[in-house]
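Trainee: Coordinates for the following, if possible.
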Amino acid sequence: MVHELHRVGYQHVRFSSGMSPSGMHWRCSITHAGNMSDDGMRVVDYLLNEDVASYSTGSQDQFFDWPDVPGRSAKELATLFVERFPRIVQIGKGRDWAYAGWLTEVIGRAERGGLSSLPVFFADYPLDIDPIHMPPPVRTRTRWQRAWAAVRCTRRN
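Mentor: Purely as a prediction, here's the structure:
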């Protein structure tokens, strides 16, 4: 679905993914590049509800807990995502060919290797992430955005 969003001009839409504490389910949060850590692997602020959409494989095909999506294609899901998360796509509009290309490669690996090939950036156990599987760093954030993100992080801690 994120790939479909990239195809229609929302290449600053990004995701962060990892494993549930039990290790049974893959989790994915989708947001815009401005809400990602500089390394491109973590969502900065999950408290911004309209800026983060979350999914777990525990929900099977009820993506984002939407009851009307089982059986829909990635393209149909992208259309619904634009309607239901307008802020993410509005901020996510623009070109980021490095990230879009990386995601295309990730999708290819997943198609060949199944669910075990999905990227995992966080878990409740140590991870050894091969640099080739890491997304490109976020380059769209300005210096003041990075400073503000650091302030928000400090306030929460």
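Trainee: CA atoms of stretch 29-36 as CSV?
Mentor: Coordinates of each C-alpha in stretch 29-36 appear next as CSV, following Å, rounded to 0.1, in the frame of the first residue of the first chain:
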residue,chain,number,x,y,z
SER,A,29,3.4,2.1,11.7
ILE,A,30,3.0,4.5,8.8
THR,A,31,3.7,8.2,9.1
HIS,A,32,5.3,11.0,7.1
ALA,A,33,9.1,11.6,6.9
GLY,A,34,8.8,14.5,9.3
ASN,A,35,7.7,12.2,12.1
MET,A,36,10.6,9.7,11.6
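Trainee: Just the terminal-to-terminal distance for stretch 55-70.
Mentor: One end of stretch 55-70 sits 13 Å from the other (C-alpha to C-alpha, to the nearest Å).
Trainee: neighbouring contacts of it?
Mentor: Residues outside stretch 55-70 that contact it (C-beta atoms under 8 Å, 6 or more residues apart in numbering) are 1, 20, 24-30, 53-54, 71, 76-77, 80-81, 84, 115. Heads up, the C-betas are built off the backbone N, CA and C, glycines and all.
Trainee: in that stretch, what counts as buried?
Mentor: 55-56, 63-64, 66 (16 or more other C-beta atoms under 10 Å).
Trainee: How about stretch 7-26?
Mentor: 10-19, 26.
Trainee: do stretch 22-40 as well
Mentor: Applying 16+ other C-beta under 10 Å to stretch 22-40 flags 26-37, 40 as buried.
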